[in-house]
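Colleague: Need coordinates for the following:
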Amino acid sequence: ALQTPKALGAAMLAVTRAGTRLVAAGERGIVLLSGDGGRQWKQAQTPVQVSLTALRFVDDKTGWAVGHMGVVLATRDGGLTWRKQLDGVQAAQLLGSPRAIAEGPDKPFFDIDAGDANHAIVVGAYNLAFETTDGGRTWTPLSARLPNAKTLHLYGVRVAGNDVYIAGEQGLLMKSTDNGA
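Modeller: As a prediction, the model looks like this:
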């Protein structure tokens, strides 16, 4: 995101804790950090200018952000700096279908959850779902495993031990008891 004094007025779509630090993310790839409970904020550096929709930290240093255009970002320094791990072009190629590639890379991710620093699951529009088991170096499509024949949007994901819960539009609720396998 562009470094700008206007960042403090940007619409934020997600906020979470990274240890004692607050981390907020929102439009135009803006991530804001506060070390004093939200009284003062400073802008972090990110490699994207698309809206970020969700954040998840597994400890005070390791976290992820997801958003539009199939973006997944990672931080290993508590949100100060971010690097891109996945984008819509890569996601379409990983899906391997001519339809996914032809439809383009513009599909957003809406949520992410992580059990630890290595395992995370992202979900998004049109049944998009991917997981990483190596800290984001590689991503595996989960969409074909999901009982979602209508390819409904997936809005939320939570990991609790070996259970994975995914919520989507039209009342869709899915549960896996084997860590998403």
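
Colleague: Could you report the separation of P147 from K175?
Modeller: 10 Å (Cβ to Cβ, to the nearest Å). Yep, even glycine has a C-beta here, placed from its N, CA and C like the rest.

Colleague: any idea how far R21 is from the residue located most distally from the centre of the chain?
Modeller: Computed with Cα atoms, centre = their mean, the maximum C-alpha offset from the centroid of the chain is found at R39, amounting to 25.9 Å. To R21, R39 is 13 Å away according to Cβ to Cβ.

Colleague: repeat for T177
Modeller: T177 is 34 Å from R21, by Cβ to Cβ.

Colleague: So which of the two has more stuff around it?
Modeller: Set T177 next to R21 and count neighbours by other Cβ atoms under 10 Å: R21 wins out with 18 against 10.

Colleague: Checking the residue nearest to the spatial centre of the chain next. Helix, strand or coil?
Modeller: Geometric centre of the chain, nearest residue: V66, 2.5 Å, by Cα atoms, centre = their mean. Look at V66: counting by DSSP: H, G, I helix; E, B strand; the rest coil, its state is strand.

Colleague: Pull the contacting residues for it.
Modeller: By Cβ atoms under 8 Å, 6 or more residues apart in numbering, the contact set of V66 is 52-54, 72-73, 109-112, 122, 124.

Colleague: Check P105 too.
Modeller: 69-70, 87-89, 91-92.

Colleague: Swap in 10 Å and give it another go.
Modeller: By Cβ atoms under 10 Å, 6 or more residues apart in numbering, P105 lies in contact with 69-71, 87-93.

Colleague: how about it, secondary structure?
Modeller: coil.

Colleague: Okay, buried residues for the lengthiest helix in the chain please.
Modeller: When the chain is parsed with DSSP state H, its longest helix is helix 88-95. For helix 88-95, a neighbour-count test (16 or more other Cβ atoms under 10 Å) marks 88, 90-92, 94-95 as buried.

Colleague: Which elements pack onto that helix?
Modeller: If contacts are counted by 3 or more Cβ pairs under 10 Å, 6 or more residues apart in numbering; DSSP states H and E, helix 88-95 sits against strand 71-75, helix 98-103, strand 120-124, strand 129-132, strand 140-141.

Colleague: Send over the fourth one as PDB, restricted to the C-alpha atoms.
Modeller: Taking C-alpha atoms only, strand 129-132 is exported to PDB below (Å, rounded to 0.1, in the frame of the first residue of the first chain):
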ATOM      1  CA  ALA A 129     -10.500 -22.700  -0.300                       C
ATOM      2  CA  PHE A 130      -6.800 -23.300   0.100                       C
ATOM      3  CA  GLU A 131      -4.600 -24.600   2.800                       C
ATOM      4  CA  THR A 132      -0.900 -24.400   3.600                       C
END
